[in-house]
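> show me how the following folds:
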Amino acid sequence: MTVANVLKIKGRIYKTVRPDETVQEFAKHLKDERIGAMIVTHDGYTLDGIISERDIAYGLSKFGDKLPNMKVSELMTKVVIVCTTEDSIDDVMNLMTQRRIRHLPVKDSDELVGIISMGDVVKAHLTGRLMAAHMGR
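Predicted structure coming up:
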């Protein structure tokens, strides 16, 4: 199973936040959308970074009460590891586990096409195993 298969089920829609938005605005987006991370982009297409709920937790311990008014660009991960639609779920699971990453942007050629979470990957992996076991009967 590949990342493309996961995106067919999950969809290629992903949420973005601008780098000049505040962390407080970002946190509201997470709450409203019920998601754990967002792609940071200044134009809706370019991958400038990624920011997650975990960044808020770490930022709170580092910056305290200054955090809500800080810009997303000050807290985001700027060097972003990505996967492609062609990558296997097993390879992506290994990458996420080794690098302790919970959300990965997905590119197809050079175009940003989605984001997958560790939950998406685990679900796809288990589905693949169940299908393989069922076919073996």
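> now tell me which helix or strand of this protein has the poorest mean pLDDT.
One helix or strand of the chain scores below all others by mean pLDDT, DSSP states H and E: helix 118-135, with a mean of 77.
> what's near enough to touch Leu75?
By Cβ atoms under 8 Å, 6 or more residues apart in numbering, Leu75 lies in contact with 23, 51, 55-56, 59, 67. All C-beta spots, glycine's among them, are computed from the backbone N, C-alpha and C.
> tell me which of those residues fall in helices.
23, 55-56, 59 (DSSP state H).
> for these, which two are the farthest from each other?
The most widely separated members of those, counting by Cβ to Cβ, are Val23 and Asp55 (8.4 Å).
> quick one, which of those two is more surrounded?
Using other Cβ atoms under 10 Å as the criterion, Val23 and Asp55 rank with Val23 on top: 24 against 19.
> hang on, that one packs against Pro68?
Yes: Val23 lies in contact with Pro68 (Cβ atoms under 8 Å); the separation is 5.7 Å.
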